[in-house]
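> Sequence and predicted structure, then a few things I'm wondering about:
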Protein chains: 2
Amino acid sequence: MLTILPGMDFMELRDLDTPQLILDEERMLNNINKLKGILEKKSVTLRPHLKTCKSLDVAREIKAPGPDASITVSTLKEAEYFFQGGYSDILYAVSITPHKLTRLKKLQDQGATITLILDHLAAAKLINEAATGLGTRFPVLIEIDCDGKRAGLNADDPALVPLGQYIDSSEGLELAGVMTHSGGSYASRDIPEIHETAVKEQKAITTAAARLKEAGLPCPIVSVGSTPTATYGDMYDGVTEVRAGVYVFQDMVMEALDVCDTSDIAISVLATVISHNEQGNRVLIDAGSIALSADPGKPNHLGQKHFGQVCRADTCAPIQNLFVTSMNQEHGLISLKGLDYKFEDFPIGSQLRILPNHACITAAAYDQYQVIDKKGLIQKTYDRCNGW
Amino acid sequence: MLTILPGMDFMELRDLDTPQLILDEERMLNNINKLKGILEKKSVTLRPHLKTCKSLDVAREIKAPGPDASITVSTLKEAEYFFQGGYSDILYAVSITPHKLTRLKKLQDQGATITLILDHLAAAKLINEAATGLGTRFPVLIEIDCDGKRAGLNADDPALVPLGQYIDSSEGLELAGVMTHSGGSYASRDIPEIHETAVKEQKAITTAAARLKEAGLPCPIVSVGSTPTATYGDMYDGVTEVRAGVYVFQDMVMEALDVCDTSDIAISVLATVISHNEQGNRVLIDAGSIALSADPGKPNHLGQKHFGQVCRADTCAPIQNLFVTSMNQEHGLISLKGLDYKFEDFPIGSQLRILPNHACITAAAYDQYQVIDKKGLIQKTYDRCNGW
């Protein structure tokens, strides 16, 4: 956390050059507390996925650092950064490459517990060999596929038990359990479908855990997670922890899924109107595909593809039916076609805020958050750890 | 330019953690020299757009720094960074906001010539007021729209001459000419269509320049540019300079337009195979939508949407019909469906290189380039100036 400028206590939005990444602290704390409440009621532990925020200041609001504070990361940079910030129980939730173990070993030497994920025997053999070569050992979760969307073994895959046995008997690896990510929940049409997806996620992971246990293998960690299923899941029998990341900020993808409202979305890109293109009937802003990211997200409520919901700068209230409709590297184009707005509604030189499609990807273009308080003042900035 | 590691003369690709941004120096120099040759033959000056490379080391290969070395930028960061590196004639090629003048004034005070672009009277009034308030003056090019794709006034717009007159008579502005960007060339179907687009670009800009001159206004700079039209344009009568940026690296969009071959593409993302997803028939790599960018580019030669051409790591030779087919934040998925490849062709732990859809956006995720030489060795890195 940094104060803004030497000798200044605060800034206002209009003091900032644009584009800038704005973080609404109140919305973020509400999101954090909401999921905390949901998971506490269900008596399941949260292992937050910090790939979204990549910020120690944000992480500390989710969970206090400490030797037992469990977190999830997606890069070596995040692992190093959050360990330096006091988080010692780190799940690296992307299948690892042998080369990356060298940097993780350095964290182990300083006291970190780094848990890996794997879903393939050939990978396990390479990682075992590399870990042994470094004279160390890593706990491993086997990744389970609950929806066919990305990675992992199916819960009923004949390769599961042999993989578990290999890991359990390896010198450089230690079988610590199973994990799955319901990326498929992002394709849900409504909340009942998210409920069903959460049931599938729980079923897949507990089936896999049961198969390992039946084979006499250890399976202390049974980990599931995605923001939609963490928000709407009811069944955590046999599950020991839930991972979720984007819920901290929410975004237009989560809004399209009814996981949040636009008024919950805690990050926005501050932009300035740079011109009115009268022949094309569009407003131009100085936030394009680097500042907003090219992530297409999901169609809006009108079925249109877009690159972010346009909002008033002061309140971050959505301007109805107004979206970033196309982009170039440093230009955002907002079409007024078919809408009841006039150019005068968006004066040149005035600011707008854009709610991003995919918070994790948009935030990755910025080194820091400008943190805005209830009064609309920027009194601090939060750092991010980008890159790998 | 930095040497790699203290005590090490070079690294090999396999020494690098992935993902990494690799820059093939020989390919880059060929691209730079090719356009240089083309434009020298046509006796037109190049004002390179440095938004693609954002690197002084690369800029110096295009044009030596100096008080008369003209360049184009898209952010304040680029303006500051390249000015510090010795480039003093800087075109800021995005309509400016009043707030941004403060940082540009600091560069003027150190001797920079900062030329702005504007396309709207309301913006010109605000910029004039801000410049006057700072006690300074900025040369301005009026942006002309040659294809209806983004910004600018049409060449025959009745607002053009009044805007020119306003700028010419303003205390804080100075009319320096006209500019256009043929973004529409990216939508061309073939080279004859790029030729036509280049003709349209030249016609639009010279028409606009003629109208200003007929009204007794100065128009010393007549600036056009885009990589496709710079490569294939023939007609530069009345044009004083050409801007182009992506040609330095080229990318899969330029390849789809026949502006380059895959063997010309100078940047690639080095990734590692992290798993084989047998039930989904896909290879997983550790480069996802941050490392590759979510830019959809153009469909490949088979008409398929993709996120990059997969290549051998050592030679960067394309692996036929193999593309990154979907992505998550840190996962890239390469579908083998319908292809004659086996998983064994892409062993877990082996490296691949991915040619990006849109070089400017992919490179923006990295702080530096790992520069690879003819022998496949990394002997230096080049910095980039990201952000705003």
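Good, I have the coordinates. Numbering: from 1, shown residues only, chains lettered A, B, ... in the order given.
> Report the separation between residue A:37 and residue A:231.
11 Å (Cβ to Cβ, to the nearest Å). The C-beta positions use only the backbone N, C-alpha and C, and glycine is treated the same way.
> The two - which one has more neighbours?
Here residue A:37 and residue A:231 are compared on neighbour count by other Cβ atoms under 10 Å in any protein chain shown; more neighbours surround residue A:231, at 23 against 10.
> what comes up buried for stretch A:322-342?
A:322-336 (16 or more other Cβ atoms under 10 Å in any protein chain shown).
> Against chain B, which of those make the cut? List them.
A:328, A:329, A:330, A:331, A:333 (Cβ under 8 Å from any Cβ of the partner chain).
> for the third one, what are its contacts?
Contacts of residue A:330 were listed using Cβ atoms under 8 Å, 6 or more residues apart in numbering or on different chains, and they are A:286, A:287, A:288, A:290, A:291, B:51, B:74, B:75, B:94.
> is chain B contacted by stretch A:239-252?
No: if you take Cβ under 8 Å from any Cβ as the test, stretch A:239-252 misses chain B, and the best it gets is 9.1 Å.
> first to last residue in that stretch, what's the distance?
End-to-end distance for stretch A:239-252: 29 Å, by Cα to Cα, to the nearest Å.
> Next: stretch A:88-99.
Stretch A:88-99: ends 21 Å apart by Cα to Cα.
> Tell me the spacing between residue A:304 and chain B.
16 Å (Cβ to the nearest Cβ, to the nearest Å).
> for that residue, helix, strand, or coil?
The three-state assignment at residue A:304 reads coil, by DSSP: H, G, I helix; E, B strand; the rest coil.
> tell me the phi and psi of it?
phi -100, psi 140 (degrees, to the nearest 10).
> Give me the neighbour count for it.
11.
> How about it: what's its closest non-neighbour residue?
Spatial nearest neighbour of residue A:304, excluding adjacent residues (Cβ to Cβ, 6 or more residues apart in numbering or on different chains): residue A:323 at 6.8 Å.
> Quick check: the gap between the one you found and residue A:373.
Residue A:323 is 27 Å from residue A:373, by Cβ to Cβ.
> now, which of the buried residues of stretch A:322-342 sits nearest chain B?
The nearest member of those to chain B, counting by Cβ to the nearest Cβ, is residue A:330 at 4.5 Å.
> three-state assignment of that closest one?
coil.
> tell me which parts of the stretch 201-350 of chain A are close to chain B?
Close to chain B, as judged by Cβ under 8 Å from any Cβ, the stretch 201-350 of chain A has residues A:272, A:274-277, A:279-280, A:284, A:286, A:289-291, A:293-296, A:328-331, A:333, A:347-349.
> Now do the strands in the stretch 251-388 of chain A.
A:267-277, A:282-285, A:309-312, A:318-323, A:326-327, A:332-335, A:351-355, A:368-372, A:377-383 (DSSP state E, counting those that start in this stretch).
> Give the pairing partners of the first one; include direction for each.
If I follow you right, that is strand A:267-277. strand A:20-24 (antiparallel), strand A:282-285 (antiparallel), strand A:351-355 (antiparallel) (DSSP bridges).
> coming back round to it: identify the bridge partners of the residue nearest to residue A:304.
residue A:309.
> Which stretches in chain A count as helices?
Assigned by DSSP state H, the helices in chain A fall at A:25-41, A:56-62, A:76-84, A:101-109, A:121-133, A:160-169, A:191-214, A:227-232, A:252-256, A:359-363.
> Could you name the helices and strands sitting against the last one?
The reference is to helix A:359-363. strand A:267-277 (3 or more Cβ pairs under 8 Å, 6 or more residues apart in numbering or on different chains; DSSP states H and E).
> model confidence over the strand it packs on, on average?
Mean pLDDT, strand A:267-277: 98.
> Buried residues of that strand, list them for me.
A:267, A:268, A:269, A:270, A:271, A:272, A:273, A:274, A:275, A:276, A:277.
> I'd like those residues written out as a markdown table, with distance to residue A:192 added.
Below are these laid out as a markdown table (distance: Cβ to Cβ, whole Å):
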| residue | distance to residue A:192 |
| --- | --- |
| A:267 | 28 |
| A:268 | 30 |
| A:269 | 33 |
| A:270 | 37 |
| A:271 | 37 |
| A:272 | 42 |
| A:273 | 41 |
| A:274 | 44 |
| A:275 | 45 |
| A:276 | 44 |
| A:277 | 43 |
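> Surely residue A:364 and residue A:385 touch.
No: assessed by Cβ atoms under 8 Å, residue A:364 is found out of contact with residue A:385, at 10.4 Å.
> Which of those two has more residues huddled nearby?
More crowded of residue A:364 and residue A:385, by other Cβ under 10 Å: residue A:364, with 23 against 20.
> Quick check: beta-bridge partners of residue A:333?
Counting by DSSP bridges, the residues bridging with residue A:333 are residue A:284, residue A:326.
> so who does it touch?
Contacts of residue A:333 by Cβ under 8 Å, 6+ apart are A:277, A:280, A:282, A:283, A:284, A:324, A:325, A:326, A:327, B:150.
> residues in the stretch 51-200 of chain A within reach of chain B, list them.
So far as Cβ under 8 Å from any Cβ goes, the stretch 51-200 of chain A lies against chain B at A:51, A:74-76, A:94-100, A:103, A:118-120, A:122-123, A:126, A:145, A:148, A:150-152, A:154, A:157, A:183.
> Out of those residues, name the ones that lie in strands.
Cross-referencing these against strands under DSSP state E gives A:118, A:145, A:154.
> Could you measure from the second one over to residue B:182?
Put plainly, it is residue A:145. If you go by Cβ to Cβ, the gap between residue A:145 and residue B:182 works out to 46 Å.
> what about those two, which has more around it?
residue B:182 (27 against 24).
> Return the residues in contact with that one.
B:146, B:147, B:197, B:198, B:200, B:201, B:224, B:225, B:226, B:228, B:229.
> I'd like the distance between it and chain A.
12 Å.
> That residue and residue A:326, how far apart?
16 Å.
> related to what we said a few turns ago, using a markdown table, please lay out the strands paired with strand A:267-277 together with distance to residue B:356 and mean pLDDT.
Formatted as a markdown table, the strands paired with strand A:267-277 follow (distance: least, Cβ to Cβ, whole Å; pLDDT from 0 to 100):
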| stretch | distance to residue B:356 | mean pLDDT |
| --- | --- | --- |
| strand A:20-24 | 24 | 98 |
| strand A:282-285 | 25 | 98 |
| strand A:351-355 | 24 | 98 |
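> Let's have those in JSON lines, adding mean neighbour count.
Below are the strands paired with strand A:267-277 laid out as JSON lines (neighbours: other Cβ atoms under 10 Å in any protein chain shown):
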{"stretch": "strand A:20-24", "mean neighbour count": "23"}
{"stretch": "strand A:282-285", "mean neighbour count": "26"}
{"stretch": "strand A:351-355", "mean neighbour count": "27"}
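> For stretch A:79-89, measure first residue to last.
End-to-end for stretch A:79-89, by Cα to Cα: 10 Å.
> model confidence over it, on average?
According to the model, stretch A:79-89 has a mean pLDDT of 98.
> residues making contact with that stretch?
A:50, A:54, A:56, A:59-60, A:65-71, A:73, A:90, A:92, A:103-104, A:107, A:110-115, A:385.
> mind checking how far stretch A:61-81 is from the chain centre?
Here stretch A:61-81 is found 13 Å from its chain centre; the criterion is Cα atoms, centre = their mean, to the nearest Å.
> Sorry, wrong one. I was asking about stretch A:340-347.
Worked out by Cα atoms, centre = their mean, stretch A:340-347 lies 35 Å from the chain centre.
> Same check on stretch A:27-45?
Worked out by Cα atoms, centre = their mean, stretch A:27-45 lies 16 Å from the chain centre.
> Repeat that for stretch A:348-357.
Using Cα atoms, centre = their mean, the offset of stretch A:348-357 from its chain centre is 22 Å.
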